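Q: only geometry, no sequence info:
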């Protein structure tokens, strides 16, 4: 009867250095597994995963192991190496998608007063072309907010050529964004003047969900785009929103991305970034004009 007691002691010794979460994990997850997946995230999406994100990676990628019937992260790494299509599901799994309507609302006040209204009433109104990019649009609340502001200010019947490009690396959230369907609770922060652009999905007065109306849906084009890969467009934008996206990139990736954004913004156009983001030294072609609001110099 001594042998079982020795085995129990050995097992206890082996787990004594682990946290409670690590000791009861469903799947084997080694340092090598984390480093390999972190490298993939950096190479294919520019996402920098520090050691503090280890549990996040485990929790989110575990869903893929369950879906595929795998029992260890090493198996998943081998599966990734042999199935290129799984890379998209992996990136979807580790992407963070936190957003809401009129988030950081001062950006939309600035956008209305300094971008949209001058376009409608100024000398540029004659050319009719207006472009906005929501880069990292997640489930769509940001581009629909932009569309609300535009629709409110653009005169009915005008012939302006207005488009909002809404992109994200996560194909799952893009599909949700394209549906334009949101729970009623999501509209708590939406000013009353903009709520007319969302209607009960069921057609009744007391529906649990609201759907974006065709008035604003028609302004938006949703596309999957990896920001660190080539961008398949050449036209320039009046404004670019890339908010709370660059916090997941290292400084080198962030700097390169800012350079690329500048080249896509018209001289005098604007770049909006998130509150938790900052530039390490102001870019020579950008002028800080408000809280996390930058203007490309003419």
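A: That came through fine. The structure presented is a predicted model; accordingly, all values stated were derived computationally and were not measured. Numbering: from 1, shown residues only.

Q: so residue 137 sits in a helix?
A: No: under the criterion used here (DSSP: H, G, I helix; E, B strand; the rest coil), residue 137 is coil, not part of a helix.

Q: what sits against it?
A: Each residue near residue 137 by Cβ atoms under 8 Å, 6 or more residues apart in numbering is listed here: 99, 143, 166, 167, 168, 174, 177, 222. For every residue, glycine as well, the C-beta is placed using N, CA and C.

Q: and these, which is closest to residue 209?
A: Among these, residue 177 lies closest to residue 209 (Cβ to Cβ), at 14.3 Å.

Q: tell me which helix or strand comes right after the strand or helix carrying the closest one.
A: Element membership for residue 177 (DSSP states H and E) is helix 171-179. Note on helix 171-179: by DSSP H and E, the next helix or strand toward the C-terminus is strand 181-183.

Q: ok, residue 287 - how many residues close by?
A: Using other Cβ atoms under 10 Å, residue 287 has 15 neighbouring residues.

Q: to which secondary structure element is it assigned?
A: Counting by DSSP H and E, the element that carries residue 287 is strand 286-290.

Q: same for that strand, what does it pack against?
A: If you count contacts as 3 or more Cβ pairs under 8 Å, 6 or more residues apart in numbering; DSSP states H and E, strand 286-290 packs onto helix 106-111, strand 293-296.

Q: turn the contacts of residue 137 into a markdown table, columns for distance to residue 24.
A: Below are the contacts of residue 137 laid out as a markdown table (distance: Cβ to Cβ, whole Å):
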| residue | distance to residue 24 |
| --- | --- |
| 99 | 33 |
| 143 | 41 |
| 166 | 40 |
| 167 | 39 |
| 168 | 34 |
| 174 | 35 |
| 177 | 36 |
| 222 | 40 |
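
Q: appreciated, that's everything.
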